[in-house]
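Chemist: okay, here's the prediction I keep looking at, along with the sequence it came from:
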Amino acid sequence: MVRPDEEWEKHKASGTATKVKIRYLVNRGNIKEGTICMAKEKEAKELIKLGHAEYIKENVKSSEKTKEAIKILNEKAGIEPEINNKSFLDSFIWDESKVIESKVFPIDTHQDFFYYGLLLPREVDKKQRNEEGKEEVVGKEQKYFPCIITSRPERKLIMITQRTKEDNAIKFDSIPNALPKRWKLKHILNYVQGNSKKINAKELLEKVSSQYEKYVYIKNKVWYKILAVWDIGTYNYMNFEAYPFIENRGIAGTGKTKTMSISSLMSFNGGQIMVNPSESTLFRETDEIRGTKYFDEAEKLWAYNKSTKQFEGDVRTELINASYTKEAKVPRQEKIGNKFVTKWYSPYSPTQLSSINGLYGATETRAITRICTKSPNNDDRGESEPSEDRNNPIWTEVRDECYRFTLENWKEIKELYNNFPKDCGLKRRDLQIWKPLLSIAKFISEEDYKDILDFAIELSEMRLDELITESSFDYMCLEALKITILNYDQTDKHYLDKIKDMYCLKKGDEESKKDIYLNRNIGQHLKRLGFEKKRDGTGTYIISNKGLYDEIVSPICPQLAFISTLSTLSTPYNINNNKKDVDSVKISVDDKKGVV
């Protein structure tokens, strides 16, 4: 065989390969395996063409590294080995745990652990070039580095580097430049060092629900538990296939916005309350931060179409609907270099909305709706604001415990979720909506699970989109009550006998006045809709006047309300879609290079 250095003289004028590199590869058999592996396809083909690979095989001492180098050289030259060749099969990865997976940085599960992505500060050497062009240390500076806090007992803190990718078979499509600072550094350190005591789930639930009880009046106290479980669940929502919306519905002054403010102080990466947000804000911000979203005056997202006689939403409502399920993705064309490529954004994250007139279409079917009412005059919670107590340490304590509660118990909760009984009394969409909250409640205690399940079944039975139609019994009961209030506006006590008379009058059915069970049915339905039912020596009565009636009826059946222009009651807001990073940390572009 002709020696490579002799053959090279014949071909060096062709310019078809990088001469210096090929000389390194084959110079008198002194082979650098790593250099061969780095050869470009064009160079590899040239080496094969000149017979250098065969020369290496015959003249260089055989070793595993040399064999591997020859194999790579052949692959780059386009020469495929035989399928049944053992070394060829061994070149593939057959172990699923070693395949690198793309994950979401702020919150996700990977293999056998759950994690939160954070930007943590480190003190590093500050370098600059001197007059001779050499780098020298001139002091210290703080920089933020991407890290994940994991549920692994043996390694709770992992800084993201190229080595991390290889060791944990993980990569991230993107790492945010800034993230909200929601978990205090001292609490993180205690957890990482193992100095934090195990979270008592029951005490955590009571701590979260007590914050709602402190600021908001709600007639049915089960709602305090539901809102608390929902907030706790925002720290674990990536383990659920869907996460329910919370809708706060009611006229102005009923605590809708306040409820969202309380939640935003305790939920996972809770954001600012948005009004009329832009389309890009919805999917880009969510995809990057994966935090909890809040929308006020949500009725502005729909417009009444006179031709179809329906309320119709725009692209933003579609994006909000997509926030409900893990599988939903938003494709957008992005310019990278000189090419346009399709990038898929995920809008999935916990979402709360507040409105006066209610939600419409698919958005309503994805929500757990709470009808908000004003607090009694002797209840001073209406004057207290959680924003005034923003610096109270209770909020950071709650967030710390929610982080740790999920890291400690995510597996058990996921197991309950995956094996949730289908015969619990909820069906189809109602089961999907409530399953995440019920799984968490069941882990906390059977008592809390039963309370929320019973309430969920009752609420599901009276889904507003199925009840308040003009042909429904509820509509006729509300209409009869309204007429009674108009005729007897000097009192707040309206006896069921009088309401039944108005019901029969509207229906044109005098015989029904003799029906002794009709009083009870009307009373039960009005109570379920939110009215207070009492009894005295004269009989059973409903407590209501024009104001109380509108508080309950205007959100669920506006056409029966005494107020005709509900939209004028909404509070004006200054719309600002720009992201505020007052309470966030940033990572520089230089710090991100080579970490994923």
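Modeler: Thanks, I have it. Residues are numbered from 1 along each chain as shown.
Chemist: which stretches in the stretch 51-200 of the chain count as strands?
Modeler: 101-103, 107-110, 113-129, 135-150, 157-159, 170-172, 178-180 (DSSP state E, counting those that start in this stretch).
Chemist: can you list these in a markdown table and add mean neighbour count and distance to H187?
Modeler: C-beta: built from backbone N, CA, C; applies to glycine. Shown next, in a markdown table, are these (neighbours: other CB atoms under 10 Å; distance: least, CB to CB, whole Å):
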| stretch | mean neighbour count | distance to H187 |
| --- | --- | --- |
| strand 101-103 | 14 | 24 |
| strand 107-110 | 19 | 17 |
| strand 113-129 | 16 | 11 |
| strand 135-150 | 15 | 10 |
| strand 157-159 | 16 | 13 |
| strand 170-172 | 19 | 24 |
| strand 178-180 | 20 | 15 |
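Chemist: go ahead and confirm P176 touches L118.
Modeler: No: the criterion here is CB atoms under 8 Å, and P176 misses it with L118 at 10.3 Å.
Chemist: ok so, going back, select, out of the strands of the stretch 51-200 of the chain, the one closest to L431.
Modeler: strand 107-110 (22.8 Å; CB to CB).
Chemist: which strands or helices does the closest one pack on?
Modeler: Judged by 3 or more CB pairs under 8 Å, 6 or more residues apart in numbering; DSSP states H and E, strand 107-110 is in contact with strand 113-129.
Chemist: other SSEs contacting the strand it packs on?
Modeler: strand 107-110, strand 135-150, strand 178-180, helix 185-192, helix 393-418, strand 584-586.
Chemist: so how far is the longest one from its chain's centroid?
Modeler: What that stands for is helix 393-418. 15 Å (CA atoms, centre = their mean, to the nearest Å).
Chemist: what does stretch 165-183 give?
Modeler: The answer for stretch 165-183 is 16 Å, by CA atoms, centre = their mean.
Chemist: got it, and stretch 246-261?
Modeler: 21 Å.
Chemist: closest to E206 out of the helices and strands packed on strand 113-129?
Modeler: helix 393-418 (11.1 Å).
Chemist: can I get the helices and strands packed on strand 113-129 in JSON lines including mean pLDDT and distance to Q333?
Modeler: Below are the helices and strands packed on strand 113-129 laid out as JSON lines (pLDDT from 0 to 100; distance: least, CB to CB, whole Å):
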{"stretch": "strand 107-110", "mean pLDDT": "94", "distance to Q333": "26"}
{"stretch": "strand 135-150", "mean pLDDT": "91", "distance to Q333": "27"}
{"stretch": "strand 178-180", "mean pLDDT": "89", "distance to Q333": "25"}
{"stretch": "helix 185-192", "mean pLDDT": "95", "distance to Q333": "39"}
{"stretch": "helix 393-418", "mean pLDDT": "96", "distance to Q333": "36"}
{"stretch": "strand 584-586", "mean pLDDT": "42", "distance to Q333": "27"}
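Chemist: closest to S354 out of the ones you listed?
Modeler: helix 393-418 (20.4 Å).
Chemist: beyond the closest one, next helix or strand please.
Modeler: Sequence-wise, the next helix or strand downstream of helix 393-418 (DSSP states H and E) is helix 428-444.
Chemist: what packs against that following helix?
Modeler: Short answer (3+ CB pairs under 8 Å, 6+ apart): helix 428-444 packs on helix 201-215, helix 222-233, strand 367-371, helix 393-418, helix 446-461.
Chemist: so which bits of that helix are buried?
Modeler: With burial defined by 16 or more other CB atoms under 10 Å, the residues of helix 428-444 counted as buried are 430-444.
Chemist: same check, this time on stretch 322-340
Modeler: A322, S323, Y324, A328, V330.
Chemist: from the opening residue of stretch 152-166 to its closing one, how far?
Modeler: Start to finish, the residues bounding stretch 152-166 are 17 Å apart (CA to CA, to the nearest Å).
Chemist: same deal with stretch 383-400?
Modeler: 28 Å.
Chemist: so how far is it off the chain centroid?
Modeler: The answer for stretch 383-400 is 22 Å, by CA atoms, centre = their mean.
Chemist: ok, stretch 505-512 next?
Modeler: Worked out by CA atoms, centre = their mean, stretch 505-512 lies 51 Å from the chain centre.
Chemist: also stretch 97-105?
Modeler: 19 Å.
Chemist: who's in contact with it?
Modeler: 93, 110-111, 117, 146, 148, 165, 169-176, 238, 290, 346 (CB atoms under 8 Å, 6 or more residues apart in numbering).
Chemist: in contact with the residue most central in space within the chain, which residues?
Modeler: Centroid-nearest residue in the chain, with CA atoms, centre = their mean: S349, separated by 2.0 Å. For S349, the contact set (CB under 8 Å, 6+ apart) comprises Y237, Y243, T286, R290, G291, T292, K293, S323.
Chemist: what about 7 Å?
Modeler: Listed by CB atoms under 7 Å, 6 or more residues apart in numbering, the contact set of S349 reads T286, R290, G291, T292, K293, S323.
Chemist: which of the helices and strands packed on strand 113-129 sits closest to E213?
Modeler: helix 393-418 (12.9 Å).
Chemist: tell me what that closest one is packed against?
Modeler: In terms of contacts (3 or more CB pairs under 7 Å, 6 or more residues apart in numbering; DSSP states H and E), helix 393-418 is packed against strand 113-129, helix 201-215, helix 428-444.
Chemist: list the buried residues for that helix?
Modeler: Here helix 393-418 shows 395-396, 398-410, 413-414, 416-417 as buried, counting by 16+ other CB under 10 Å.
Chemist: let me know the angle separating it from strand 135-150.
Modeler: For helix 393-418 against strand 135-150, the angle by axes from the mean of the first three to the mean of the last three CA atoms, to 10 degrees is 60 degrees.
Chemist: returning to what we had before: nearest to C424, out of the helices and strands packed on helix 428-444?
Modeler: Among the helices and strands packed on helix 428-444, helix 446-461 comes nearest to C424, with 6.3 Å by CB to CB.
Chemist: buried ones in the closest one, by neighbour count?
Modeler: Buried-residue list, helix 446-461, by 16+ other CB under 10 Å: D448, Y449, D451, I452, L453, F455, A456, L459, S460.
Chemist: list the contacts of F295.
Modeler: Here F295 is in contact with M274, L353 (criterion: CB under 7 Å, 6+ apart).
Chemist: meant to ask about H525, not that
Modeler: F473, D474, C477 are the contacts of H525 under CB under 7 Å, 6+ apart.
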